[in-house]
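Novice: the following block contains a protein sequence and its predicted model.
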Amino acid sequence: QVQLVESGGGLVQTGGSLRLSCAASGRTFSRYAMGWFRQAPGKEREFVAAIRRNYGLTYYADSVKGRFTISRDNAKNTVYLQMNSLKPEDTAVYYCAAGDYSGTASTYEYWGPGTQVTVSS
(Lines give C-alpha, C1' and ligand atoms only; values in the text may rest on other atoms or scores of the structure.)
Protein backbone atom coordinates (compact mmCIF):
# COMPACT_ATOMS: atom_id res chain seq x y z
CA GLN A 1 0.00 0.00 0.00
CA VAL A 2 1.27 3.45 -0.94
CA GLN A 3 -0.31 6.73 0.11
CA LEU A 4 0.50 9.85 -1.89
CA VAL A 5 0.10 13.52 -1.05
CA GLU A 6 0.85 16.32 -3.48
CA SER A 7 1.92 19.85 -2.55
CA GLY A 8 3.30 22.96 -4.19
CA GLY A 9 0.37 24.01 -6.31
CA GLY A 10 -0.86 27.59 -6.48
CA LEU A 11 -1.47 30.64 -8.63
CA VAL A 12 1.27 31.84 -10.97
CA GLN A 13 1.48 34.22 -13.91
CA THR A 14 2.16 33.13 -17.47
CA GLY A 15 5.83 32.36 -17.88
CA GLY A 16 6.32 31.60 -14.21
CA SER A 17 7.45 28.43 -12.48
CA LEU A 18 6.18 26.05 -9.84
CA ARG A 19 7.62 22.94 -8.27
CA LEU A 20 5.20 20.22 -7.26
CA SER A 21 6.13 17.58 -4.74
CA CYS A 22 4.51 14.25 -4.04
CA ALA A 23 5.36 12.54 -0.76
CA ALA A 24 4.77 8.81 -0.48
CA SER A 25 4.27 6.74 2.62
CA GLY A 26 5.56 3.23 3.09
CA ARG A 27 8.87 1.56 2.36
CA THR A 28 7.92 0.34 -1.13
CA PHE A 29 8.16 3.67 -2.94
CA SER A 30 11.26 2.64 -4.88
CA ARG A 31 9.41 -0.36 -6.36
CA TYR A 32 7.08 1.85 -8.37
CA ALA A 33 7.33 4.03 -11.39
CA MET A 34 5.83 7.43 -10.68
CA GLY A 35 3.69 9.58 -12.89
CA TRP A 36 2.11 12.99 -12.98
CA PHE A 37 -1.27 13.54 -14.58
CA ARG A 38 -3.54 16.56 -14.76
CA GLN A 39 -7.20 17.29 -15.25
CA ALA A 40 -8.63 20.62 -16.35
CA PRO A 41 -12.31 21.52 -15.81
CA GLY A 42 -14.51 19.74 -18.32
CA LYS A 43 -11.64 17.67 -19.69
CA GLU A 44 -10.38 14.15 -19.19
CA ARG A 45 -7.36 13.38 -17.07
CA GLU A 46 -4.22 13.50 -19.19
CA PHE A 47 -0.68 12.24 -18.84
CA VAL A 48 2.06 14.76 -18.05
CA ALA A 49 5.26 12.89 -17.15
CA ALA A 50 6.58 9.61 -15.78
CA ILE A 51 9.81 8.35 -14.26
CA ARG A 52 11.03 4.79 -13.86
CA ARG A 53 11.64 3.38 -10.41
CA ASN A 54 15.41 3.52 -10.96
CA TYR A 55 18.00 4.82 -13.43
CA GLY A 56 15.94 7.98 -13.89
CA LEU A 57 14.45 7.18 -17.28
CA THR A 58 11.71 9.71 -18.00
CA TYR A 59 8.85 10.21 -20.42
CA TYR A 60 6.87 13.39 -21.16
CA ALA A 61 3.74 14.45 -22.93
CA ASP A 62 4.54 16.53 -26.01
CA SER A 63 2.67 19.48 -24.54
CA VAL A 64 5.14 19.82 -21.63
CA LYS A 65 8.36 18.52 -23.15
CA GLY A 66 11.19 21.01 -22.65
CA ARG A 67 9.26 22.94 -19.97
CA PHE A 68 8.57 20.36 -17.25
CA THR A 69 11.03 18.06 -15.50
CA ILE A 70 10.13 15.03 -13.40
CA SER A 71 12.57 13.70 -10.83
CA ARG A 72 12.51 11.49 -7.76
CA ASP A 73 14.42 11.01 -4.55
CA ASN A 74 13.93 7.44 -3.37
CA ALA A 75 15.67 8.19 -0.06
CA LYS A 76 13.00 10.80 0.68
CA ASN A 77 10.10 8.87 -0.89
CA THR A 78 9.32 11.92 -2.98
CA VAL A 79 8.74 12.69 -6.64
CA TYR A 80 8.90 16.20 -8.05
CA LEU A 81 7.57 18.04 -11.07
CA GLN A 82 9.44 21.23 -11.92
CA MET A 83 7.24 23.33 -14.18
CA ASN A 84 8.76 26.25 -16.07
CA SER A 85 7.42 28.63 -18.71
CA LEU A 86 3.89 27.97 -17.53
CA LYS A 87 0.97 28.73 -19.81
CA PRO A 88 -2.73 29.28 -19.07
CA GLU A 89 -3.46 25.92 -20.69
CA ASP A 90 -1.40 24.26 -17.94
CA THR A 91 -4.15 25.18 -15.46
CA ALA A 92 -5.48 21.97 -13.93
CA VAL A 93 -5.52 19.77 -10.89
CA TYR A 94 -2.27 17.83 -10.86
CA TYR A 95 -2.14 14.29 -9.55
CA CYS A 96 0.79 12.05 -8.79
CA ALA A 97 0.45 8.31 -9.18
CA ALA A 98 2.44 5.15 -8.45
CA GLY A 99 2.39 2.08 -10.66
CA ASP A 100 3.82 0.82 -13.93
CA TYR A 101 5.92 3.06 -16.14
CA SER A 102 3.61 4.33 -18.88
CA GLY A 103 1.56 7.26 -20.07
CA THR A 104 -1.72 5.50 -19.37
CA ALA A 105 -3.63 6.24 -16.18
CA SER A 106 -5.00 2.71 -15.86
CA THR A 107 -1.51 1.29 -15.25
CA TYR A 108 -1.09 3.33 -12.08
CA GLU A 109 -2.36 1.71 -8.93
CA TYR A 110 -2.14 4.49 -6.35
CA TRP A 111 -3.18 8.14 -6.63
CA GLY A 112 -2.87 11.28 -4.58
CA PRO A 113 -5.80 13.68 -3.99
CA GLY A 114 -4.34 16.31 -6.32
CA THR A 115 -3.11 19.90 -6.10
CA GLN A 116 -4.49 22.87 -8.02
CA VAL A 117 -2.28 24.79 -10.42
CA THR A 118 -3.68 27.99 -11.90
CA VAL A 119 -1.79 30.01 -14.49
CA SER A 120 -3.11 33.52 -15.06
CA SER A 121 -2.76 35.27 -18.41
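Specialist: Received, thanks.

Novice: please state the backbone phi and psi of the most centrally placed residue in the chain?
Specialist: For the chain, the residue nearest the mean C-alpha position is Trp36 (2.6 Å; C-alpha atoms, centre = their mean). Geometry field for Trp36 lists phi and psi as phi -120, psi 130, criterion degrees, to the nearest 10.

Novice: cool, Ser30 as well?
Specialist: Backbone torsions of Ser30, given as degrees, to the nearest 10, read phi -70, psi -10.

Novice: try Ser106
Specialist: For Ser106, the backbone dihedrals (degrees, to the nearest 10) come out as phi -70, psi -20.

Novice: circling back to that earlier point, give the contact list for the closest residue to the residue nearest to the centre of the chain other than its chain neighbours.
Specialist: Nearest non-adjacent residue to Trp36, counting by C-beta to C-beta, 6 or more residues apart in numbering: Val48, 4.2 Å away. The C-beta positions use only the backbone N, C-alpha and C, and glycine is treated the same way. By C-beta atoms under 8 Å, 6 or more residues apart in numbering, Val48 lies in contact with 35-38, 60-61, 64, 68, 81, 94.

Novice: try it again with 10 Å
Specialist: 20, 35-38, 59-61, 63-64, 68, 70, 81, 83, 90, 92, 94-96, 103 (C-beta atoms under 10 Å, 6 or more residues apart in numbering).

Novice: now intersect those residues with the helices, please.
Specialist: Counted as lying in helices by DSSP state H, out of those, is not a single one.

Novice: just the buried subset of these, please.
Specialist: With neighbours counted by 16 or more other C-beta atoms under 10 Å, the contacts of Val48 contain buried members at 20, 35-38, 59-61, 64, 68, 70, 81, 83, 90, 92, 94-96.

Novice: select from these every entry located in strands.
Specialist: 20, 35-38, 59-60, 68, 70, 81, 83, 92, 94-96 (DSSP state E).

Novice: farthest pair within those?
Specialist: Tyr59 and Ala92 (18.7 Å; C-beta to C-beta).

Novice: thought Tyr60 was touching Phe47?
Specialist: Yes. Using C-beta atoms under 10 Å as the test, Tyr60 is close enough to Phe47 to be in contact (8.8 Å).
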